[in-house]
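Visitor: sequence? don't have it. structure:
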Ligand SMILES: NC(=O)C1=CN([C@@H]2O[C@H](COP(=O)(O)OP(=O)(O)OC[C@H]3O[C@@H](n4cnc5c(N)ncnc54)[C@H](O)[C@@H]3O)[C@@H](O)[C@H]2O)C=CC1
Ligand SMILES: CCCCCC(=O)/C=C/[C@H]1[C@H](O)CC(=O)[C@@H]1CCCCCCC(=O)O
């Protein structure tokens, strides 16, 4: 894909979650994996810029979205010992609200169309819609 390897360049969007930016007591492994997605995205975005790959790599962090994945909360075989906390997660869903997938699609199109976006961490919530995580100067790699 990268231009310096015979490719045509392009845009990659990695799917993280708000649980990749905040602790998630009831899903620690999921949260760790989503934190990893953000760290990887920002790192490889910096490398792509330094190496003139002609590829932009960004991440999206939605809150709860109305997809079949949410049904997994109701299944003990998926939740394991954390099943006992399912009502707390459902309370959080009521508090945060549940997003329509079309808003996630819009956010992704925005990232595809914005030629300046690389290493961005887009957050999508019912209260604030599409917005971005801001990182301090010391947390920014030059991209
Ligand atoms: N639904 C939600 O509330 C949120 C979801 N996300 C993230 O969004 C992403 C998509 O999730 P949803 O659409 O909600 O889930 P989903 O369960 O509705 O859809 C996931 C899709 O991935 C496919 N899939 C699973 N394993 C695969 C594999 N190894 N190779 C190829 N395809 C595979 C499944 O067949 C399914 O079509 C996930 O990374 C999830 O963590 C992030 C924030 C909130
Ligand atoms: C504020 C957290 C938003 C999380 C959005 C998300 O990625 C949801 C994913 C759920 C998936 O549908 C199945 C799960 O088990 C995930 C639950 C994530 C639980 C978040 C719990 C937050 C907490 O413990 O504080």
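Guide: Yep, that arrived. The shown structure was predicted, so the numbers you read here are calculated from the model rather than taken from an experiment. Ligands and ions are numbered 1, 2, ... in the order given.
Visitor: what parts of the protein come near ligand 1?
Guide: Contact residues (C-beta under 6 Å from any ligand atom) of the chain with ligand 1: 15, 17, 62, 64-65, 67-70. Every C-beta, even on glycine, is put in place using the N, C-alpha and C of the backbone.
Visitor: mind checking which of the residues you listed are buried?
Guide: With burial judged by 16 or more other C-beta atoms under 10 Å, the buried subset of the residues of the chain next to ligand 1 is 17, 62, 64.
Visitor: element containing the nearest residue to the first one once chain neighbours are set aside, please.
Guide: When the adjacent residues along the chain are set aside, residue 17 lies closest to residue 34, with 4.4 Å between them (C-beta to C-beta, 6 or more residues apart in numbering). Per DSSP states H and E: residue 34 is located in helix 28-50.
Visitor: my guess is the residue nearest to residue 17 contacts residue 14. True?
Guide: No. No contact is recorded between residue 34 and residue 14 when judged using C-beta atoms under 8 Å, the distance being 9.8 Å.
Visitor: for the longest strand seen in the chain, which helices and strands make contact with it?
Guide: Counting residues, the longest strand found in the chain (DSSP state E) is strand 55-62. In terms of contacts (3 or more C-beta pairs under 8 Å, 6 or more residues apart in numbering; DSSP states H and E), strand 55-62 is packed against strand 10-15, helix 28-50, helix 101-113, strand 121-125.
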